[in-house]
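K.L.:
Give me the fold of what follows.
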Amino acid sequence: MPSIAPSMQPSLIPKDFKLVFSDEFNTPGRTFADGTDPRWTALDKNDYTNDALHYYTPDNVKTNDNGELVITSMVGDTDVIGFDDVKRKNTHVVKHFRSGMVQSWNKFCFTGGIIEARVTLPGKADTGGLWPAFWMLGNLARHTYVGSSQHIWPWSAPNCTLKAHWAQQINGCARVLHYGLERGRGRGAPEIDVFEVQPGNIRHNTGPFWQMSVGQPFMSASYQVAPGRLPRPGDGWWPGPSQWYDGLTGGHNTSLNILFYGNYNHFRGDTNAKKDYWSDAISFNRQLDQSHFSKPHTYRVEWEPARPGHAGYIRWYLDNEIVLDIDGGALDRAGQGSEISSEPMYILLNTAISKQWGFPHQCPASCPCKKYNCQSPEWEQTCGFSEGFCDMLQDADGPPEYKIDWVRIYQDPDNEVHKVGCSTPERPTRRYIEAHEALYKTEDDLHPLRGIQRGRGVCSGDPESSDSRQTCGGLTRGRCTGGHVCECHLGWTGPHCLAHQGSDPILYDIPDKISDIGFTPPRVAPYALTGSLLALLLVFIVALMWRREIDGWRPIPDAKI
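P.N.:
So this is what the prediction gives:
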């Protein structure tokens, strides 16, 4: 059933927090291709990250009749010819899976507050291979657009350090900065994962989880941040003294995620090893069960950014039970210069398919594990999947669906750090993104985001139609004109008038005008000036013709040879 009007308070205290964003997804038939929705963009793009096996298509993201956003993962070939962001060259590949991602990048961002969503996970609890996620990322990086992330992700280091000087793109050592950035303030795009879920049938204290009290299926709640710390524990081992962060508190049925402590980041083209850096994944795993894949549960993060005199914190909850609490003081004590994010962050919802996540921990005997194609008749291309994965994606009842009932965000109106906006006075991003636009789009895009189409979607106008697109959302949202295109009423937008025309309450960073650089146009009315010039030109032409007639001017005929 579609959700009721959003609660004005989050599911737990504090009561003084106020709702600043909600999407209830109650309107069926909404689509999210670039230029169709004011809040979300569904990618139409190959994913080059994390050994991805899928192609993201907006066709796999829409709202259903039950008031849910649905992201579908399925078998299907996509020919991809284009620029590989990782290999930095044009390639031709075939992706054998299709899935979906929506992100609110450069449309809706927030700094601090409470975010929560009611979600039913896709697939089956005991079948590995899908990678559903609900997460946030700093607006200076756009996920899957790899160039925008290099030396930006997941930095959250405001001060000048030797490592930041070499490895952080926007570092606190710079004494001259452009694009409206604050001098002496390091910037980046840290990552908060509300959850990354790994289904499967490997239980706790067995296989790769032999030292952990949590096995598959699990959700990973994590804060990914740079610079990373050294010394650090090896993956699969518990930290030794002074190897990891203190001040981490886990809840019931949780365990420190010892299987992944972070990444070593090196980028093609970097010839100086000083530019390489570690990033840390501070994460706990929480045990899940089949109920999380068959009915909705509520996932929440409380985020208080770091500010002078307050180290901040991040807290994760599942159905109001604590999963992980990270005190910002733990980052201070680690001595790397990182902090709890104070960057404007946008929201991402997606299901990935990657051989790095939930596939067999060890490749089956005699299986090359080089190609993964459920439709191939060749055993070498199907042997590397988890048991039952291909059957699940090709089930007669339909492919797996990641269902989001609603997403809501609350903030404290009395907390000056809490803000809505992707480019705020303290952490501007607009001019930097505009100056580096090529990093945030594909070579086929004119700009990173298209303008939102308001109306003009094809419609039938049939009042008996159950398809809200054919009726332009109904009488209150729009109408189908005699030309069979939608015309939206006030407050509604999108090709078929199905999205509420929301906007930020305060526009902190207004787009530049020519007057901003000191140029003042003439004060004479432009229409009068244009008319006067045309009149003078006409007088000149008439005078010239009259003069030629008086002087008996005649053109010299062409000579015949």
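
K.L.:
alpha carbons only for contacts and neighbour counts from here, please
P.N.:
Fine.

K.L.:
what's the residue nearest to residue 190 when sequence neighbours are not counted in contact with, if anything?
P.N.:
Using Cα to Cα, 6 or more residues apart in numbering and skipping residues adjacent in sequence, the residue nearest residue 190 is residue 154, 3.9 Å away. Residues near residue 154 by Cα atoms under 8 Å, 6 or more residues apart in numbering: 188-191, 224-226, 279.

K.L.:
Export those residues to CSV and append columns for secondary structure, neighbour count and pLDDT.
P.N.:
Converted to CSV, the contacts of residue 154 look like this (DSSP: H, G, I helix; E, B strand; the rest coil; neighbours: other Cα atoms under 10 Å; pLDDT from 0 to 100):
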residue, secondary structure, neighbour count, pLDDT
188, coil, 29, 98
189, coil, 28, 98
190, coil, 30, 98
191, strand, 24, 98
224, strand, 26, 98
225, strand, 27, 98
226, strand, 30, 98
279, strand, 20, 98
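
K.L.:
Now find how far off-centre stretch 64-79 is within its chain.
P.N.:
With Cα atoms, centre = their mean, to the nearest Å as the basis, stretch 64-79 stands 17 Å off its chain's centre.

K.L.:
err, stretch 189-207, not the other one
P.N.:
20 Å.

K.L.:
any chance you could map the strands in the stretch 51-200 of the chain?
P.N.:
54-56, 61-63, 69-72, 74-84, 89-99, 101-103, 110-111, 113-120, 130-138, 191-198 (DSSP state E, counting those that start in this stretch).

K.L.:
if you average pLDDT over each of the ones you listed, which comes out lowest?
P.N.:
Ranked by mean pLDDT, the strands of the stretch 51-200 of the chain end with strand 74-84 in last place, scoring a mean of 86.

K.L.:
Run through the neighbouring helices and strands of it.
P.N.:
strand 89-99 (3 or more Cα pairs under 8 Å, 6 or more residues apart in numbering; DSSP states H and E).

K.L.:
Tell me what angle the strand it packs on forms with strand 74-84.
P.N.:
160 degrees (axes from the mean of the first three to the mean of the last three Cα atoms, to 10 degrees).

K.L.:
Strand 89-99 - contacts with which helices or strands?
P.N.:
Here strand 89-99 touches strand 54-56, strand 74-84, strand 345-353, going by 3+ Cα pairs under 8 Å, 6+ apart.

K.L.:
Just the angle for it relative to strand 345-353, thanks.
P.N.:
Using the same axes, to 10 degrees: strand 89-99 against strand 345-353 is 80 degrees.

K.L.:
Direction included, what does strand 89-99 pair against?
P.N.:
Strand pairing for strand 89-99, using DSSP bridges, gives strand 54-56 (parallel), strand 74-84 (antiparallel).

K.L.:
Quick check, central residue of this protein?
P.N.:
residue 103 (3.5 Å; Cα atoms, centre = their mean).

K.L.:
Do I have it right that that one meets residue 347?
P.N.:
Yes: assessed by Cα atoms under 8 Å, residue 103 is found in contact with residue 347 at 5.6 Å.

K.L.:
Now the phi/psi pair for the residue nearest to residue 190, please.
P.N.:
Main-chain dihedrals, residue 154, degrees, to the nearest 10: phi -100, psi 50.

K.L.:
export the strands paired with strand 89-99 to TSV and tack on distance to residue 369 and mean neighbour count?
P.N.:
Converted to TSV, the strands paired with strand 89-99 look like this (distance: least, Cα to Cα, whole Å; neighbours: other Cα atoms under 10 Å):
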stretch	distance to residue 369	mean neighbour count
strand 54-56	16	26
strand 74-84	18	16
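
K.L.:
for the protein, what helix or strand is lowest in average pLDDT?
P.N.:
helix 526-550 (a mean of 68; mean pLDDT, DSSP states H and E).

K.L.:
Quick one: the strands in the stretch 451-561 of the chain, in order.
P.N.:
Taking DSSP E, counting those that start in this stretch as the criterion, the stretch 451-561 of the chain carries its strands at 478-480, 486-488, 492-493, 499-500.

K.L.:
that older thread, looking at the strands paired with strand 89-99, which is nearest to residue 504?
P.N.:
Closest of the strands paired with strand 89-99 to residue 504 is strand 54-56, at 27.7 Å (criterion: Cα to Cα).

K.L.:
starting at the chain centroid, how far to the closest one?
P.N.:
Remark: strand 54-56 is offset 15 Å from the chain centroid, using Cα atoms, centre = their mean.

K.L.:
wait, isn't residue 179 in contact with residue 432?
P.N.:
Yes: with contact defined as Cα under 8 Å, residue 179 reaches residue 432; the gap is 5.2 Å.

K.L.:
for stretch 252-266, how far is the first residue from the last?
P.N.:
Terminal residues of stretch 252-266 are spaced 37 Å apart (Cα to Cα, to the nearest Å).

K.L.:
which residues are in contact with that stretch?
P.N.:
The contact list for stretch 252-266, computed with Cα under 8 Å, 6+ apart, reads 208, 212-214, 220, 224, 228, 233-238, 250, 275-287, 321-323.

K.L.:
Let's have the strands of the stretch 451-561 of the chain in CSV, adding mean pLDDT, mean neighbour count and distance to residue 297.
P.N.:
As requested, the strands of the stretch 451-561 of the chain are exported to CSV (pLDDT from 0 to 100; neighbours: other Cα atoms under 10 Å; distance: least, Cα to Cα, whole Å):
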stretch, mean pLDDT, mean neighbour count, distance to residue 297
strand 478-480, 96, 24, 34
strand 486-488, 97, 26, 35
strand 492-493, 97, 23, 30
strand 499-500, 95, 20, 25
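
K.L.:
Need those in a markdown table (columns: distance to residue 539).
P.N.:
Output for these, formatted as a markdown table (distance: least, Cα to Cα, whole Å):
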| stretch | distance to residue 539 |
| --- | --- |
| strand 478-480 | 51 |
| strand 486-488 | 47 |
| strand 492-493 | 50 |
| strand 499-500 | 55 |
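
K.L.:
Nearest to residue 328 among these would be which one?
P.N.:
Smallest distance to residue 328 across the strands of the stretch 451-561 of the chain (Cα to Cα): 36.8 Å, for strand 499-500.
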